[in-house]
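Enquirer: Here's my sequence, what's the structure:
(one chain, ligands or ions: 2)
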Amino acid sequence: MKIFSKEQIYKGDQLTAEKQNISSTELMERAGTQIFNWIHQRMQGAQVPIHVFCGIGNNGGDGLVLARQLVNYGYNVHIYVVNCSEKRTKDFLINYDRIKETTKKWPIMLNCEADFPEIGPDDIIVDAVFGIGLNRPPNEWVKRLFQHFRASKAFTLAIDLPSGLYADKVPKDENGVVWADYTLSFQSPKLVFFLPDTSKYTRQWEVLDIGIDLEFLQQTETEVELIGKNEMLTIYKPREKFSHKGTYGHALLIGGSHGKMGAMILSARGTMASGAGLVTTFIPKCGYIPMQSVVPEAMVLTDADDEKLTSITFDIEPTAVGMGMGMGLDQKTQHAFQKFLKSNEVPLVIDADGINLLAKHKDDFKLIKPQTVLTPHPKELERLLGSWKDDFDKLKKAKAFSKKYKCILVVKDAHTITVFEDKLYINSTGNPGLATGGTGDVLTGIITGLIAQGYEPLTASLFAVYLHGKSADIAVEDYGYQSLTASHVIDYLGQAYLDLFAKPQVQQKQEEKSGNS
Ligand SMILES: NC(=O)C1=CN([C@@H]2O[C@H](COP(=O)(O)OP(=O)(O)OC[C@H]3O[C@@H](n4cnc5c(N)ncnc54)[C@H](O)[C@@H]3O)[C@@H](O)[C@H]2O)[C@H](O)CC1
Ligand SMILES: [K+]
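Expert: Numbers count the residues shown, from 1 in each chain. Ligands and ions are numbered 1, 2, ... in the order given. The predicted structure follows:
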C-alpha cells in the first residue's frame with residue numbers, strides 16, 4: 001500500500017475534485033460521512049455522549065460534517081470549536097453554517113482561555129482539531145486541552161491523524177499531541193503511525209476510502225510503501241514440479257564463535273526453512289558437532305581455528321552468502337572478514353558482528369558491493385550511521401548511507417523498514433514476541449535463503465521480513481508474547497508461506513454456506 005506524502009495528499013484532493021467535477025466541500029462531505037458510517041455501524045444509535053472537537057481548518061470541517069450527521073441520527077453530540085486561529089478555511093465555514101441550520105444553534109466556541117468541558121471516562125472524544133495542516137506547535141492552552149482529553153480516559157477517536165502530530169516530523173512535546181485510541185485516516189496511513197517516536201500516539205488505525213481519483217492513486221510514485229500480503233503475492237516464486245535441489249540455490253552462511261554457535265544454527269535452520277536447495281555453514285571447528293547434529297540438512301566447513309574464524313576459504317560455489325552471526329570481533333576474524341569482502345562476488349547479507357566490524361573499521365565501507373543487504377538492529381544502526389536527532393533524521397541518514405554504498409539497509413524495529421536509496425518499505429507483520437535473542441539470526445538466514453533461490457536482494461529482504469513477522473504472528477497464538485522463541489519463528493515459517501494463499505475467512509464461510517469449499 002502506498003503511503004502518500006502531505007503534498008501528494010493535497011494534490012490528490014485537488015485532482016479528484018477536478019476530475020470528478022465535485023467541489024472540495026463535497027469531498028469533505030464524503031470524508032465526514034465515511035467517519036459517520038464507521039461510528040454508526042458500531043454504535044447503532046447508543047446514547048453515549050460524543051464530544052466532537054473541531055479546529056478551524058479542513059480537519060475541523062470533517063469534524064463538523066460528522067457532528068451534523070450524528071445530530072441527524074439522534075446521537076448525544078456536543079460540538080466544540082477550538083478557536084485559536086483566525087485562518088478559517090472556506091469548507092470549515094460552509095459546514096459551520098450547516099451545523100447552525102441543523103441544530104439551530106452555534107457550536108460551543110472554545111476561545112483560547114475558556115474552561116474545558118467536562119468529559120466522563122465512558123464518553124467518546126472525536127479529535128478533529130488539527131490534521132495534516134499543522135504547521136507549528138499548539139499553544140499552551142491547546143496543549144492543556146489535549147492533556148484534559150487524556151486525563152478524562154474517554155475513548156478518543158482521531159480524524160486523519162492525532163492532532164498535534166505532523167505528517168513529516170516528530171513533535172517536540174508529547175503533551176502537545178492527542179493520544180488517540182483509534183485513528184481513521186483518509187486514503188492512506190501516515191508514516192508517523194509506524195515510527196518508534198510517534199506510533200504511541202495512536203493505538204490502532206484504519207484507512208477510509210474517500211474515493212480519491214484512481215489514476216492518481218495508481219500512477220503516483222510514493223517514497224514510502226507499506227508491505228503486506230498483497231505486495232508479497234506478486235513477487236512469490238512458486239515451486240516447479242520438475243525441479244531439484246540445484247534449482248533453489250546454494251546458501252553459504254559464515255560466522256559463529258565459541259559460545260555463539262547457536263546464532264549460526266538458527267540461521268542455518270531459517271535458511272533451510274525458507275526453501276533454499278542447499279545450505280553450507282562455514283564455522284570455527286568447535287561448532288562442527290553441534291551443527292551436524294542439530295541441522296543434519298546442512299553441510300559444514302570449518303576454519304582451521306577451534307574458537308573463531310581466521311581464514312575464510314572454501315571450494316563450493318554458493319549463490320548467496322549470509323555472514324556475521326555470532327562471529328565475534330577478534331582481530332584475526334576482522335582480517336578474514338575484510339579479505340572476504342574484497343574478493344567476494346556473490347550476493348551478500350551482512351548481519352550482527354559483520355556490521356559491528358564494518359562500523360569499527362569505517363574504511364571498509366567502500367568494500368560493500370552494490371546490492372549488499374545489511375540488517376542492523378537499532379544499536380548496530382547507530383554504530384553504522386552515528387546518532388540521530390529523531391526518527392526522520394534516522395531515515396534521512398539511512399537513505400544517504402544506502403545511496404552512497406548502493407546497499408539495502410534492513411532497519412529492524414517493531415515495524416522494520418527496508419531502505420533502498422530514496423525508498424522506504426515498511427513491514428506490516430510481527431509482534432513484541434520477536435523481541436528475543438536469535439530472531440535476527442533467523443531473519444538473516446531467511447533473506448540469504450531467498451536470494452539463493454533467485455529473488456533479487458531487495459525483494460528477498462522485503463519478503464523475508466514479511467514472512468518472519470507473519471510466522472511470529474501465527475506462532476504467538478500458540479505461545480504468547482513471552483514464550484515465543486526464535487526456533488518457533490523457524491517452525492512456523494511454513495504456515496507463513498501457506499497463509500499467503502489462505503482464503504480470507506469471510507470468503508471461506510460464504511463458500512462453506514453454499515457448499516463450495
Ligand atoms: N484526502 C484527504 O485526506 C482529505 C482531507 N481532508 C482533511 O483536511 C485536513 C487538512 O486540512 P488543512 O485545512 O490543510 O489543515 P488542518 O485542518 O490540519 O488544520 C490546520 C489549520 O490550523 C492552522 N494551524 C496550524 N497549526 C496550528 C497551531 N499550532 N495552532 C493553531 N492553528 C494552527 C492552519 O493555519 C490551518 O488552517 C486533513 O487532515 C483531513 O482531515 C479533507 O476534508 C478531505 C480530503
Ligand atoms: K485530528
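Enquirer: Spell out which parts of the stretch 151-300 of the chain neighbour ligand 1.
Expert: Ile159, Asp160, Phe186, Gln187, Ile210, Ile212 (CB under 6 Å from any ligand atom). In this view, the C-beta of every residue, glycine as well, is placed from N, C-alpha and C.
Enquirer: Look up how far Gly57 lies from the residue in the chain that ligand 2 sits nearest to.
Expert: Nearest residue of the chain to ligand 2: Ser163, at 4.2 Å (CB to the ion). According to CB to CB, to the nearest Å, Ser163 and Gly57 sit 10 Å apart.
Enquirer: got it, and Val300?
Expert: For Val300, the distance to Gly57 (CB to CB) stands at 64 Å.
Enquirer: of those two, who's got more company?
Expert: Higher neighbour count among Val300 and Gly57: Gly57, with 22 against 19, using other CB atoms under 10 Å.
Enquirer: Ramachandran angles for that one?
Expert: The phi and psi values for Gly57, taken as degrees, to the nearest 10, are phi -100, psi -160.
Enquirer: Pull up the gap between it and Gly324, please.
Expert: Distance, Gly57 to Gly324, using CB to CB: 49 Å.
Enquirer: what's the answer for Asp62, then?
Expert: Relative to Gly324, and taking CB to CB, Asp62 is found at 49 Å.
Enquirer: circling back to that earlier point, between Ser163 and Gly57, which contacts overlap?
Expert: Phe130, Gly131 (CB atoms under 8 Å, 6 or more residues apart in numbering).
Enquirer: got the contact list for Tyr201?
Expert: Pro162, Gly164, Leu165, Val177, Val178, Trp179, Ala180, Val192.
Enquirer: typo on my end, Phe463
Expert: Met232, Ile235, Tyr236, Leu450, Tyr455.
Enquirer: what's the helix or strand for the fourth one?
Expert: Okay, so that is Leu450. Using DSSP states H and E, Leu450 falls within helix 439-452.
Enquirer: measure stretch 38-48 end to end?
Expert: 16 Å (CA to CA, to the nearest Å).
Enquirer: and it, average pLDDT?
Expert: When pLDDT is averaged over stretch 38-48, the result is 97.
Enquirer: Pull the distance from it to the chain's centre.
Expert: How far stretch 38-48 lies from its chain's middle: 30 Å, per CA atoms, centre = their mean, to the nearest Å.
Enquirer: Please identify the buried residues of it?
Expert: Trp38, Ile39 (16 or more other CB atoms under 10 Å).
Enquirer: Can you tell me what sits against it?
Expert: For stretch 38-48, the external contacting residues (CB under 8 Å, 6+ apart) are 50, 66, 69-70, 73-76, 122-124, 157, 184, 206, 208.
Enquirer: if we go to 7 Å?
Expert: Stretch 38-48 is contacted from outside by Tyr73, Gly74, Asn76, Asp122, Asp123, Ile124, Leu184, Leu208, using CB atoms under 7 Å, 6 or more residues apart in numbering.
Enquirer: Stretch 349-359 now?
Expert: Stretch 349-359 has contacts (CB under 7 Å, 6+ apart) with 322-329, 334, 337, 364-365, 372-376, 380, 383-384, 440, 444, 447-448, 451.
Enquirer: if we go to 8 Å?
Expert: Contacts with stretch 349-359, where a contact means CB under 8 Å, 6+ apart, come from 255, 263, 320-329, 333-334, 337-338, 364-365, 368, 372-376, 380, 383-384, 440-441, 443-444, 447-448, 451, 457.
Enquirer: Mind checking which of the residues you listed are in helices?
Expert: The helices, defined by DSSP state H, take in 263, 333-334, 337-338, 380, 383-384, 440-441, 443-444, 447-448, 451, 457 from these.
Enquirer: Pull out the buried members of those.
Expert: Counted by 16+ other CB under 10 Å, these give 263, 333-334, 337, 380, 384, 440-441, 443-444, 447-448, 451, 457 as buried.
Enquirer: What is the nearest of those to Asn95?
Expert: For those, the minimum distance to Asn95 (CB to CB) is 48.7 Å, reached by Leu443.
Enquirer: The closest one reaches Ala464, doesn't it?
Expert: Yes. Judged on CB atoms under 8 Å, Leu443 makes contact with Ala464 at a distance of 6.2 Å.
Enquirer: any idea how far Leu195 is from Gly211?
Expert: 28 Å.
Enquirer: Neighbour count: the two, which is higher?
Expert: Between Leu195 and Gly211, Leu195 has the larger neighbour count (other CB under 10 Å), namely 21 against 13.
Enquirer: Surely the more buried one touches Asp393?
Expert: No. Look at Leu195 against Asp393 with CB under 8 Å: they stay out of range, at 11.1 Å.
Enquirer: before we move on, which element is Val419 in?
Expert: strand 417-420.
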